[in-house]
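**Q** attaching a predicted model along with its sequence, questions to come.
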Amino acid sequence: MYEHELLTDGSDPAEDFRGSIYFSCSLYPNDVISFISTTYYQPLLSKFSDYRIANESSLGIKAFKNFIFKVTYLFTYDAEPAEDIQNSQYQITTGILYSFN
């Protein structure tokens, strides 16, 4: 993938190419539970030590006929982030999904 980074600190924009490899897994052990996870690995092609890893994993539990309780975990790691940004970040979200079928 082609990347164009424009930082707000006034430094010159960075332009380069990154590889993008991903692994995805979906598990449905029964009619009530689902687990879906995708992990991305994105190395900078001109400098393999500069890479990013991102993972998004979701667990869904059917609560009622058309309602699903969902928990999602998002994790990102950047080996060489912009200045004053941490290498790793995470986010956890919860929600309720409704299906109209």
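**A** Looks like it arrived, so ask away.
**Q** now the helices for this structure?
**A** With helices called from DSSP state H, the chain shows none.
**Q** so how far is Q89 from the residue of it most remote from its centre?
**A** Distance to the chain centre peaks in the chain at K65, reaching 29.2 Å (criterion: CA atoms, centre = their mean). As defined by CB to CB, to the nearest Å, K65 lies at a distance of 36 Å from Q89. C-betas here are computed from N, CA, C, even on glycine.
**Q** next, the buried residues of stretch 28-38.
**A** In terms of neighbour count (16 or more other CB atoms under 10 Å), stretch 28-38 has its buried residues at S34, I36.
**Q** kindly export it (C-alpha atoms) in PDB.
**A** C-alpha atoms of stretch 28-38 as PDB (Å, rounded to 0.1, in the frame of the first residue of the first chain):
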ATOM      1  CA  TYR A  28     -18.900 -20.100  15.500                       C
ATOM      2  CA  PRO A  29     -18.900 -22.900  18.100                       C
ATOM      3  CA  ASN A  30     -22.700 -22.800  18.400                       C
ATOM      4  CA  ASP A  31     -25.700 -20.700  17.600                       C
ATOM      5  CA  VAL A  32     -25.100 -18.300  20.600                       C
ATOM      6  CA  ILE A  33     -21.400 -17.500  20.400                       C
ATOM      7  CA  SER A  34     -19.300 -16.000  17.700                       C
ATOM      8  CA  PHE A  35     -15.600 -14.900  17.700                       C
ATOM      9  CA  ILE A  36     -14.000 -13.000  14.900                       C
ATOM     10  CA  SER A  37     -10.400 -11.800  14.800                       C
ATOM     11  CA  THR A  38      -8.200 -10.100  12.200                       C
END
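**Q** direction included, what does the longest strand along the chain pair against?
**A** In the chain, with assignment by DSSP state E, the single longest strand is strand 47-62. Strand pairing for strand 47-62, using DSSP bridges, gives strand 33-44 (antiparallel), strand 67-78 (antiparallel).
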